[in-house]
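sequence first, predicted model second:
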Amino acid sequence: MKFFTEYLTLQTAKLREYLNITPHVQSVLEKSGIREGMILVSAMHITAGVWVNDAEDGLIADIDEWLDKLAPFRRDYRHHRTGETNGDSHLKSLLVHHEVIVPVTKGKLDFGPWQQVYYAEFDGQRSKRVIIKAMGE
Amino acid sequence: MKFFTEYLTLQTAKLREYLNITPHVQSVLEKSGIREGMILVSAMHITAGVWVNDAEDGLIADIDEWLDKLAPFRRDYRHHRTGETNGDSHLKSLLVHHEVIVPVTKGKLDFGPWQQVYYAEFDGQRSKRVIIKAMGE
Amino acid sequence: MKFFTEYLTLQTAKLREYLNITPHVQSVLEKSGIREGMILVSAMHITAGVWVNDAEDGLIADIDEWLDKLAPFRRDYRHHRTGETNGDSHLKSLLVHHEVIVPVTKGKLDFGPWQQVYYAEFDGQRSKRVIIKAMGE
């Protein structure tokens, strides 16, 4: 059994930003030498998400607008009594989730034709980390 | 360590449809010979979901209505500029997620009494695939 | 390859309640002796969730209010024709999901600084179970 772990450090220019990190996951797969198994891709922060979906800029803008409607910024979140202003970032993170598992078969990311791994930043402009952990043989 | 992978091909009659695929997951478990480990059940498409919940038709209809309220069809999604009409299908997929992990203990799917694995189709009437990947010993 | 499984039994005082179960996950890690791998934390019920986010009481209250807005109690869910009254609990469970994977590296839960594992009860005041399953070496 092989384990291979890498930490991806990201800092977005905007508060909310969506990054296609599939090449990083692919790179971890190659370094790991794993042919069968899986890769966990998990945000290490509580105001970020990781999902698998389409790499289409119009859709990404739709998702951003939709998330901001379902989990909007509000001044009066109780969480803000701590001095934070990112209550909505936590809710957005819960909505899309902070991690995915990517299957690995015959040495490849076993994805359908349009599946791509995205990192969703909901409270950016500072250094954040994503763990990419491959396990298999 | 054993790995066993099967691809389930599905084509629903309706655009949105919800299929209990627990028997398929059970079948993969039996073929794999795994007694301890886990099974990844993951949609290979970006307009479909996989969840674990109750097999109750009234609830399934409630879920469908609820998802369509939170992530409704709209003509004006930016994604539709690509010629697609399935923006809402992507959002529904993000909302329920595209995969689950099922624990395997003592040769059984280690579920509570009501847990069942569902495939949620949000853009059907064409061939779709689900990967079911068992890993363990 | 080591596997170690424990079942956590919980009974909340209130119908909806949010419990930080990180110490239980930590305890399973220690008992398992695993240094590299992962831990699945999965609710065994269809009216409960498991997430990773902040341990801040104001935020927890915000999340509860927000979930109840997105997936409110209603008398007229079709699911209630079965005699149940917990349609909203199922929807809340779908929204936040019922499980997470925690990475384990060098014998530690490989979390960012604020990540904590929460059990979210949406239909409590009765005995519920969570499976915590560690896999690795």
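Thanks, I have it.

strands along chain A, start to end?
Using DSSP state E, the strands found in chain A span residues A:2-10, A:17-20, A:37-43, A:48-53, A:99-105, A:108-109, A:116-121, A:128-136.

need those strands in TSV with mean pLDDT and mean neighbour count, can you?
Heads up, the C-betas are built off the backbone N, CA and C, glycines and all. TSV is the format used below for these (pLDDT from 0 to 100; neighbours: other Cβ atoms under 10 Å in any protein chain shown):
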stretch	mean pLDDT	mean neighbour count
strand A:2-10	98	16
strand A:17-20	98	17
strand A:37-43	98	24
strand A:48-53	98	24
strand A:99-105	98	22
strand A:108-109	98	14
strand A:116-121	98	23
strand A:128-136	98	22
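
any idea how far chain C is from A:Q125?
Distance, A:Q125 to chain C, by Cβ to the nearest Cβ, to the nearest Å: 17 Å.

mind telling me which residue is nearest the centre of chain A?
The residue lying closest to the centre of chain A (Cα atoms, centre = their mean) is A:V50, at 2.2 Å.

that one against A:R129, yeah?
No. Contact criterion Cβ atoms under 8 Å: A:V50 and A:R129 do not qualify, at 11.8 Å.

what's the overlap in contacts for these two?
A:A43 (Cβ atoms under 8 Å, 6 or more residues apart in numbering or on different chains).

around chain C, pick out the residues from chain A.
Counting by Cβ under 8 Å from any Cβ of the partner chain, the residues of chain A lying close to chain C are A:1, A:3, A:5, A:40, A:42-46, A:70-71, A:77-82, A:87, A:90-91, A:93-95, A:97-99, A:101, A:129, A:131, A:133, A:135.

which of the residues you listed are close to chain B?
A:M1, A:L70, A:L95, A:H97, A:I101.

please indicate which of those residues are buried?
Those of those that meet the buried threshold are A:L70, A:L95, A:H97, A:I101, by 16 or more other Cβ atoms under 10 Å in any protein chain shown.

which helix of chain A spans the most residues?
The residue-count maximum for a helix in chain A (DSSP state H) belongs to helix A:57-70.

helices or strands up against it?
Applying 3 or more Cβ pairs under 8 Å, 6 or more residues apart in numbering or on different chains; DSSP states H and E, we find helix A:57-70 packed against strand A:17-20, helix A:87-96, helix B:87-96.

with just CA atoms, put that helix into CSV.
In CSV, the C-alpha atoms belonging to helix A:57-70 read as follows (Å, rounded to 0.1, in the frame of the first residue of the first chain):
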residue,chain,number,x,y,z
ASP,A,57,-16.7,29.9,-17.3
GLY,A,58,-20.4,30.7,-17.8
LEU,A,59,-21.4,27.9,-15.4
ILE,A,60,-18.8,29.0,-12.8
ALA,A,61,-20.4,32.5,-12.9
ASP,A,62,-23.8,30.9,-12.5
ILE,A,63,-22.6,28.8,-9.6
ASP,A,64,-21.2,31.9,-7.9
GLU,A,65,-24.4,33.9,-8.3
TRP,A,66,-26.5,30.9,-7.1
LEU,A,67,-24.4,30.3,-4.0
ASP,A,68,-24.5,33.9,-3.1
LYS,A,69,-28.3,33.8,-3.3
LEU,A,70,-28.7,30.6,-1.2
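
so which bits of that helix are buried?
Buried residues in helix A:57-70, counted by 16+ other Cβ under 10 Å: A:G58, A:L59, A:I60, A:D62, A:I63, A:D64, A:W66, A:L67, A:L70.

among those, which two are most distant?
A:G58 and A:L70 (18.8 Å; Cβ to Cβ).

quick one: the longest helix of chain A to helix C:87-96, angle?
140 degrees (axes from the mean of the first three to the mean of the last three Cα atoms, to 10 degrees).

give me the residues contacting helix A:57-70.
Contacts of helix A:57-70 with the rest of the structure, by Cβ under 8 Å, 6+ apart, involve A:16, A:18, A:53, A:88, A:92, A:95-96, A:118, A:122, B:70-71, B:77-82, B:87, B:90-91, B:94, C:70.

buried among these? Need that as a selection in PyMOL.
A single PyMOL command selects the buried members of the contacts of helix A:57-70 (16+ other Cβ under 10 Å):
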select buried, (chain A and resi 16+18+53+88+92+95+96+118+122) or (chain B and resi 70+71+77+78+79+80+87+90+91+94) or (chain C and resi 70)
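
how about stretch A:6-21, does it reach chain B?
No. Contact between stretch A:6-21 and chain B is absent, the nearest approach being 11.6 Å (criterion: Cβ under 8 Å from any Cβ).

return that stretch as CSV; C-alpha atoms alone will do.
The C-alpha trace of stretch A:6-21 is given here as CSV (Å, rounded to 0.1, in the frame of the first residue of the first chain):
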residue,chain,number,x,y,z
GLU,A,6,1.0,16.9,-1.0
TYR,A,7,-0.2,20.3,0.2
LEU,A,8,-1.3,22.8,-2.4
THR,A,9,-1.0,26.4,-1.2
LEU,A,10,-3.3,28.9,-2.9
GLN,A,11,-3.9,32.6,-2.6
THR,A,12,-6.7,34.1,-4.7
ALA,A,13,-6.8,37.7,-5.9
LYS,A,14,-10.5,38.0,-5.2
LEU,A,15,-12.6,37.1,-2.1
ARG,A,16,-14.5,34.5,-4.1
GLU,A,17,-12.7,32.6,-6.8
TYR,A,18,-12.9,29.2,-8.4
LEU,A,19,-9.7,27.4,-9.5
ASN,A,20,-9.5,24.3,-11.7
ILE,A,21,-7.0,22.2,-9.7
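
now do it: distance to the chain's middle.
8 Å (Cα atoms, centre = their mean, to the nearest Å).

same question for stretch A:90-106.
Taking mean C-alpha positions (Cα atoms, centre = their mean), stretch A:90-106 and its chain are 6 Å apart.

ends of that stretch, what's the gap?
37 Å (Cα to Cα, to the nearest Å).

what does stretch A:67-76 give?
Distance between the two ends of stretch A:67-76: 18 Å, counting by Cα to Cα.

what distance separates it from the middle of the whole chain?
Here the centre of stretch A:67-76 is set off from its chain's centre by 20 Å, with Cα atoms, centre = their mean.

list the contacts of the nearest residue to A:G87 once chain neighbours are set aside.
Nearest in space to A:G87, with sequence neighbours left out and distances taken as Cβ to Cβ, 6 or more residues apart in numbering or on different chains, is A:Y77 at 3.1 Å. Applying Cβ under 8 Å, 6+ apart to A:Y77 gives the contacts A:G87, A:D88, C:G58, C:L59, C:D62.

thank you, goodbye.
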